[in-house]
Structures are given as structure tokens and as C-alpha cells.
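>>> I would like the atomic coordinates for the input below:
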Amino acid sequence: MSIHASYKKIFLLGFIITTLVAIPFSVYIAQKRQQITTKATAATILSFDPTQQSIKVGDTLSLNIYLDPGSGTSGNQVSFVKLSISYDASKFTTTSNSLTANPESSNKLTTIIDDPKYESGKASISLSIGADPTNAVKTKTKIAILQLKATAATSPTDPNITFNPAPNTQVLSITSTDQTNENVLSTTIPAKITVTSVAISPTATPTRIPIPISGTITPSPQVSSSAPICLSLEANATSTAVLSPITFTVSGNATNGTISKISLNFGDSTEDIEIKGEKGSSASGQITHIYKTAGIYTVYAILTDSNNNLSTQQNSCTKIITINPTNIDISPQPSISVQPLPCTDPNACGDGKTMFSLGALGIIITIIGGVLLLL
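Got it, this is the predicted structure:
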């Protein structure tokens, strides 16, 4: 056997080995790239309404639960929702029907997959649209109602009724880009509930007043205690981009005492404005807030007077604020290329640049093997 024939066999063996390695490697890279391009957009928001409320011990708290699947090409078509809610078990308690699906006809998530479960400080339920895919939720919808009984007073500085993070809370969608069991939940908006003590006034024993022979009896004036009234909440913008400042202006009236504080719940945090008003007069305050995360936020204002009375929830002091992602530069570029959809889970999708480089390496290896075969 000649040396030339031995070299040919070696080159042929090298080409076969290279091909056997390169082909499955290239298929693997192609599959990973396909996962990137088909990854769904997490655009769904879960929120409580109202996000801030004041009640008294013994009252029943009722919160509506809204689902917003997003809009446009990035919006989801929700077919299944698993709600997992946490609350302060020392301040609230559940009943047999504390968490129920919204029975209104506008809600299609009425098929109960998992019955409501109540644990200490936690309530959960799983809802579905059933077997009809045309019932998928595509617009903002009230899907459930949470009812809790207040058992103790509290003045929370942070939200005290929240959605538990994934995978406890889960939203599934049936759009063409969605994968099975892929959670499309983007944002959750909690609630801040203030519970005040019930003031019990002792029953006064009636006193006999002798009637004088002449003159009249002048009844003693009765002093009534009234909570302050929130008159208006204004914002210089109701729709803006992330990190853009929004200025809120609140005005209200104190009917007994003076307004001492205005509390604003922005949906992602709370802040107080100290007020020094005159007795029985109106007062106003102004504050600027910056949202760092895109989403839809419900802003509420609550007034406190010098007698520690709180104003009730008023529609006139409620604003819906829409925060959009930061604008992207769309100026003309030298060349146009098709970019894959963004991947929200790097662990599941991998690094696109790394996979592209590995794919290119596989192609180079194949070319080298072909050249060796020709030689």
C-alpha cells in the first residue's frame, strides 16, 4: 500500500468523523435558535382594585382582581390563570367563599380547575376558559373577587395583600408563539389596606333636668365628628414612558379639625405629604413620582386630619396611570436584519450570540472536512 493511499484513508476518516460531529451539532444549534424566535412575550398584568382602601375592624374587605393581557402584537391570549394571594393572617381571615371567579358574563375564565384553597395567610384558585379557544381573554377583564374579614387594626407602610411570585401565580396563553406551560405573567400590582379600630362610645344615662317656672331650656350643642373629604387628584400625565417624572396634585377639605397628611399610593410604592391647614378649611399638596417599571398603575389619595380620621376611597381621587417601556431609537440603519423576538428567560433560551458563534464554528468544521476529502 502506497503512502499516498494511506493519506487518502486518513483524510477520508477525518472527513467522516467531522461530518458525524458537525451535522448533529448544527441541528442542535438550529433548534436553539428556533426556541429564541418562538419565545412568547410576557405582557400580562394582574392587579387588585382598589389598590388602597381604609376599613374598620369587623368590616368585610372586597377586592376585585383584574387581568390585563396587554395589547397589540405583544398582547397575550389568556386561557388559564392560577391565582396565589398572600395576606396578613393576624389582620385578616377568610371564609368559605373568600376567593371566587367573577360571575359576570364579561369574564370567560369561569371553569374552576382547582377549587379555592385557604391556608394561614394564603388563598389560591385556578381558573380556565374551558375547551373553547375563542373564549381566550384578550382585553382587561375582572376575573375574580377576593373577600376578607378584618380582625385587627393596622396601618401598613407597605402593601399587605399581594400576589405570590411565579410559579405560584401563573398565566398561560394560546397565541401562536406561546409554549406549553410558559408563564406570560409580566407584572403584579398589590393592595395596601388600612384597618382602623372601631370607637365604641358608652351609652350615656339620661339626666332629669328640672323645668323652671319661667324661661326656656336651650339644648346643648352636639359636636359631630366627620372625616376629611378628598376632592380631587390631578396628574400632569396619565400615559408616559418609564423613568419620566409625573407630578400629582391633591386637594381636600377638613370638616372637623385640620388636614395633617395626604397619603398617596402610586401602585408600586406609597409616600406621605405633610400638610398644615387651618381648621375646617381646604388644603392641597403636590408630589412628583417616577415609575421604574412599565405597567398599568392605579393611584389613590387618602387624607388624614388632626383627629386621625381618614377619608374614604373616592373616584375623584383616583387615577389610572399607564407606563410604557422606554422609547427605542428607530432611526435608519445602514442595513436591515431580522432580529429574533426577545427572550425573557436566559436559562431556557440561552445566549443567542454564543449559539450563533457555535453554529458558525460547526459550518467551518464542515468546510474543513470537505477540503480534506478533496485533498
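
>>> could you point out where the stretch 1-150 of the chain is predicted with low confidence?
Residues of the stretch 1-150 of the chain meeting the criterion pLDDT under 70: 1-5, 30-40.

>>> Helices of that one, residue ranges please.
3-37 (DSSP state H, counting those that start in this stretch).

>>> where exactly do the strands run in it?
In the stretch 1-150 of the chain, the segments counted as strands under DSSP state E, counting those that start in this stretch are 44-49, 52-56, 60-68, 78-87, 92-93, 99-101, 111-119, 122-128, 141-150.

>>> between those, which one is nearest to T162?
strand 78-87 (5.2 Å; C-beta to C-beta). Heads up, the C-betas are built off the backbone N, CA and C, glycines and all.

>>> That closest one - contacts with which helices or strands?
Secondary-structure packing of strand 78-87 (3 or more C-beta pairs under 8 Å, 6 or more residues apart in numbering; DSSP states H and E): strand 44-49, strand 60-68, strand 122-128, strand 141-150, strand 161-163, strand 170-173.

>>> The third one: which residues count as buried?
Burial within strand 122-128, assessed by neighbour count using 16 or more other C-beta atoms under 10 Å, is assigned to A123, S124, I125, S126, L127, S128.

>>> Could you do the first one as well?
Buried positions in strand 44-49, judged by neighbour count with 16+ other C-beta under 10 Å: T44, I45, L46, S47, F48.

>>> next one: the longest one
Residues of strand 141-150 classed as buried: T141, I143, A144, I145, L146, Q147, L148, K149, A150 (neighbour count, 16+ other C-beta under 10 Å).

>>> Compute the distance between the last one and N265, please.
So the one you mean is A150. 18 Å (C-beta to C-beta, to the nearest Å).

>>> Residues in contact with stretch 124-137: which ones?
Residues outside stretch 124-137 that contact it (C-beta atoms under 8 Å, 6 or more residues apart in numbering) are 67, 69, 77-85, 99-101, 108-117, 143-144, 168, 173-174.

>>> How confident is the prediction for Y297, by pLDDT?
Looking at Y297, its pLDDT stands at 91.

>>> In space, what's closest to it - neighbours in sequence excluded?
G267 (3.1 Å; C-beta to C-beta, 6 or more residues apart in numbering).

>>> The one you found: which element?
For G267, there is no host helix or strand (DSSP states H and E).

>>> Please list all residues in contact with it.
G267 neighbours (C-beta under 8 Å, 6+ apart): S47, T51, I189, G295, Y297, T298, V299, I321.

>>> what does Y291 give?
Y291 neighbours (C-beta under 8 Å, 6+ apart): V242, L243, S244, I246, F266, D268, Y297, I321, I323.

>>> What are the phi and psi values at it?
Backbone torsions of Y291, given as degrees, to the nearest 10, read phi -90, psi 130.

>>> so how far is I189 from it?
12 Å.

>>> Strands of the stretch 251-375 of the chain, residue ranges please.
With DSSP E, counting those that start in this stretch as the criterion, the stretch 251-375 of the chain has strands spanning 259-265, 270-274, 282-290, 295-305, 318-324.

>>> bridging residues for the closest residue to K140 other than its chain neighbours?
Excluding its sequence neighbours, the residue lying closest to K140 (C-beta to C-beta, 6+ apart) is D68, at 4.2 Å. Residues in a beta bridge with D68, per DSSP bridges, are I45.

>>> Now for D68, how many residues are close by?
Using other C-beta atoms under 10 Å, D68 is surrounded by 22 other residues.

>>> what do you get for the one 3 residues further on?
With neighbours defined by other C-beta under 10 Å, the count for S71 comes to 12.

>>> Same question for K56.
Look at K56: counted by other C-beta under 10 Å, it has 14 neighbours.

>>> Can you give me the distance of it to N309?
K56 is 12 Å from N309, where distance means C-beta to C-beta.

>>> Ok, S186 next?
From S186 over to N309 (counting by C-beta to C-beta), the distance is 38 Å.

>>> higher neighbour count, those two?
S186 (21 against 18).

>>> still on that earlier bit, dump the strands of the stretch 251-375 of the chain into CSV; add distance to T18 and mean neighbour count as well.
Below are the strands of the stretch 251-375 of the chain laid out as CSV (distance: least, C-beta to C-beta, whole Å; neighbours: other C-beta atoms under 10 Å):
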stretch, distance to T18, mean neighbour count
strand 259-265, 64, 23
strand 270-274, 64, 14
strand 282-290, 56, 16
strand 295-305, 51, 23
strand 318-324, 50, 16
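
>>> do you know which of these lies nearest A227?
Per C-beta to C-beta, nearest to A227 of the strands of the stretch 251-375 of the chain: strand 295-305, 7.2 Å.

>>> between the closest one and strand 318-324, how big is the angle?
150 degrees (axes from the mean of the first three to the mean of the last three C-alpha atoms, to 10 degrees).
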